[in-house]
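Trainee: predicted model and sequence follow; I will ask about them next.
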Amino acid sequence: MRPFLLLILLLALFGAGSAAAQREAARRPNIVLIVADDLGWGDLSCYGGKDVRTPNIDALAVEGMRFDRFYATSPVCSPTRASLMTGRYPDVVGVPGVIRTHPENSWGYLSPSVTLLPKLLGRAGYHTALLGKWHLGLAPPNTPNERGFDHFHGFLGDMMDDYLTHRRHDINYMRLNHREIDPKGHATTLFTEWAVDYVRDRAAQKRPFFLYLAYNAPHTPIQPPDAWVERVKRREPGISDRRTRLVALVEQMDDGVGKVVEALKTTGAYQNTLILFTSDNGGQLSAGASNGPLRGAKEDVYEGGIRVPMCAVWPGYIRAGARSEEVAAAIDVLPTLCEAAGARTPKDVDGLSLLSLLTGKTETLPERTLFFVRREGGPRYQGKTIHAARRGDWKLTHNSPFEPMQLFNLRDDPQEKTDLSDRNRQKFNELSAALRAHIRRAGAVPWVGPEAAAPAR
């Protein structure tokens, strides 16, 4: 074959391949993962909240699949976020507790060896963005851009001491990528506006996008705008001031979710977007939250601290009005999104892909043991951990490091009132052995960063 003919043939083949690759990328869904902060089981109207109105999140539950047994992997913030980003148990990636500003009260350090979700999706051709709360590291090498996000516009820290000034311990953790910024406005409003701008910008691009929208709301301080407070007061006569403010903060966030979904629809991106909504842990009762009929709250490994709302929408793939009672968890998010995106899922993930369940190809998941962890300081915990393990209907709960473990059957006793540890020693021993094996596995992973390596005085 003459050289120029060969060249033409190769160019044609390369062009066809490139066009096919572009068409394949265009078919991949955009992905939007929305995570609330400390959202209680009873703080959405679609999950039974009587005094709260969340029409936009409710619409996600109606337009897709709602989960009734979805779990955070910890009753506090950082560990569950680590699971969402890695597909692994938080203590296995060095985050058994909350990462904080001061090393002596920080109980996690995200392992530098683990590959995070944005990097995996980036390798599959996605543009990736985090808008909102990070809470997996305050300094290099554990900042969002260094861990795989193409774009970061949000807050590095654990919580804001004020939703308007955005400081924590008088430190400004607001960033636009690596640059410190000082925007004006309520954090919930800002994160929504940034997310809407991002959707509008990326919808014009051929490259699929992954948007991780992580709100601070409704985490303390419970600081909603006055207009939202007045709206709740007018609608709910007799509601307490504390509950009013919590409901108002949730409803402001719900309004933000609606604005983001509307941006997806007006840009034409909605029909090819997979949306997941969940929370990092249960609600804080002392702040006015509700976990419905569940026992316990944020900080507890009882159901109220770890069972959280979750719904998923993908038009044309997930049946509207679907509902699942399968037991799933935050570790399942990464493998699910990777499979939907055509990205490689690491072999060492602890989670399962839920895609077949979401798309109706299966109605069940394999039975497995799920683990939950929290390491904490202070006089209540003294640097020790609490754990829980669930397999089938059985749950082993250790809600205090200084009290015995308890065994519950969640089918017969969903409110965890009757401890069966003495009456069913076989099941107690089975779950105890599984938990010990998990603790031993996690014990091989450092959770203290180099900044805290100096010996205590």
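Mentor: That came in fine, so what should we check first?
Trainee: all strands for the stretch 151-300 of the chain, in order.
Mentor: Counting by DSSP state E, counting those that start in this stretch, one finds strands in the stretch 151-300 of the chain at the ranges 151-155, 167-168, 171-172, 174-176, 179-180, 209-214, 273-279.
Trainee: quick check: which of the ones you listed is nearest to Val98?
Mentor: Of all those, the one in closest proximity to Val98, counting by CB to CB, is strand 167-168 (12.3 Å). Quick note: C-beta positions are derived from backbone N, CA and C, even for glycine.
Trainee: what distance separates the closest one from the centre of its chain?
Mentor: 22 Å (CA atoms, centre = their mean, to the nearest Å).
Trainee: ramachandran angles for Thr369?
Mentor: Backbone dihedrals for Thr369, given as degrees, to the nearest 10, come out at phi -100, psi 130.
Trainee: contact partners for it?
Mentor: Residues in contact with Thr369 (CB atoms under 8 Å, 6 or more residues apart in numbering) are 389-391, 431, 434.
Trainee: export these to a markdown table and tack on pLDDT and neighbour count?
Mentor: Converted to a markdown table, the contacts of Thr369 look like this (pLDDT from 0 to 100; neighbours: other CB atoms under 10 Å):
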| residue | pLDDT | neighbour count |
| --- | --- | --- |
| Ala389 | 98 | 24 |
| Arg390 | 98 | 25 |
| Arg391 | 98 | 16 |
| Leu431 | 98 | 23 |
| Ala434 | 98 | 16 |
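Trainee: just flag the most distant two among the residues you listed.
Mentor: Arg390 and Ala434 (10.2 Å).
Trainee: okay, now the unreliable bits of the protein?
Mentor: In the prediction, the chain carries residues with pLDDT under 70 at positions 1-26, 451-457.
Trainee: on that earlier part again, now, which of the contacts of Thr369 lie within helices?
Mentor: Helix and strand membership here follows DSSP state H; of the contacts of Thr369, those in helices are 431, 434.
Trainee: tell me the one of the contacts of Thr369 nearest Pro218?
Mentor: Distance from Pro218 was checked for each of the contacts of Thr369 by CB to CB. The minimum falls on Arg390, at 25.8 Å.
Trainee: pretty sure the closest one is touching Arg307, no?
Mentor: No. Using CB atoms under 8 Å as the test, Arg390 is too far from Arg307 to be in contact (9.9 Å).
Trainee: hey, what's in contact with both of these two?
Mentor: Common contact partners of Arg390 and Arg307 (CB under 8 Å, 6+ apart): Tyr71.
Trainee: show me the helices in the stretch 101-250 of the chain, by range?
Mentor: Taking DSSP state H, counting those that start in this stretch to define them, one finds helices in the stretch 101-250 of the chain at 117-123, 187-203, 226-235, 241-266.
Trainee: hmm, who's touching the third one?
Mentor: For helix 226-235, the surrounding residues in contact (CB under 8 Å, 6+ apart) are 51, 53, 239, 244-245, 247-249, 251-252.
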